[in-house]
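S.K.: Sharing a model that was predicted from the sequence below.
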Amino acid sequence: MFDLNLPKYTFKTKRENDSISIFDRCRQKYVALTPEEWVRQNMVEYIIQAKKFPPARIANEVTVVINGMNKRSDSVIYDKEMRPRIILEYKAPSVKITQKVFDQIATYNFELDVDLLIVSNGLEHYCCKMDKENKKYYFLKEIPDYQQLDWDK
């Protein structure tokens with residue numbers, strides 16, 4: 001697959017006919033290996049291995065109901081009370097991160113009301129902290145480590 005702006009990780013893959021699947025540790029099943037899925041799997045490993053988030057708190061392909069329609073958030077990270085705290089949105093490396101991508105993740109946040117939004121195409125990564133009181137967000141220089149968050153105190 002593509003080289004990403006992330007550490008290199010090892011994944012379980014399998015080939016069936018003309019398609020390749022990758023094992024998704026969050027969903028506990030093999031899924032089609034698309035460029036976007038490659039970014040997701042690498043970002044999830046980064047969040048777990050480098051940022052020390054508990055794997056059991058991460059869910060992929062989370063259904064979010066918006067205006068009566070089912071949408072899917074790429075990944076959601078929960079606190080120990082299983083409240084959503086971070087939404088992650090992934091794009092293929094060939095897709096530019098634009099305002100439209102931020103609008104998409106912001107739409108999910110209307111329903112989930114999280115603390116952080118993360119957007120990545122595997123090459124560029126953006127992390128925004130929500131300022132709920134002032135209804136704004138601001139960009140962080142990097143994704144915080146799990147220990148930096150005060151969720152479990």
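M.R.: Nice, I can see it. Numbers count the residues shown, from 1 in each chain.

S.K.: Now do the lengthiest helix in the chain: which elements does it pack against?
M.R.: Assignment by DSSP state H gives helix 99-112 as the longest helix of the chain. Taking 3 or more Cβ pairs under 8 Å, 6 or more residues apart in numbering; DSSP states H and E as contact, the helices and strands that helix 99-112 lies on are strand 58-66, strand 69-78, strand 84-90, strand 116-120, strand 125-131. Using the backbone N, CA and C atoms, a C-beta is placed for each residue, glycine as well.

S.K.: Swap in 6 Å and give it another go.
M.R.: Under the contact criterion of 3 or more Cβ pairs under 6 Å, 6 or more residues apart in numbering; DSSP states H and E, helix 99-112 touches strand 58-66, strand 84-90.

S.K.: Comparing those strands, which stretch has the densest surroundings?
M.R.: Of all the helices and strands packed on helix 99-112, strand 84-90 has the most neighbours on average by mean count of other Cβ atoms under 10 Å, namely a mean of 23.

S.K.: And it, what does it pack against?
M.R.: Using 3+ Cβ pairs under 6 Å, 6+ apart, strand 84-90 is in contact with helix 35-45, strand 69-78, helix 99-112, strand 116-120.

S.K.: Just send the ones you listed back as JSON lines, with mean pLDDT and mean neighbour count too.
M.R.: Output for the helices and strands packed on strand 84-90, formatted as JSON lines (pLDDT from 0 to 100; neighbours: other Cβ atoms under 10 Å):
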{"stretch": "helix 35-45", "mean pLDDT": "98", "mean neighbour count": "21"}
{"stretch": "strand 69-78", "mean pLDDT": "93", "mean neighbour count": "17"}
{"stretch": "helix 99-112", "mean pLDDT": "88", "mean neighbour count": "15"}
{"stretch": "strand 116-120", "mean pLDDT": "96", "mean neighbour count": "22"}
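
S.K.: Mind putting the ones you listed into TSV with distance to residue 18?
M.R.: Output for the helices and strands packed on strand 84-90, formatted as TSV (distance: least, Cβ to Cβ, whole Å):
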stretch	distance to residue 18
helix 35-45	16
strand 69-78	25
helix 99-112	30
strand 116-120	28
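
S.K.: I am finished for the moment; much appreciated.
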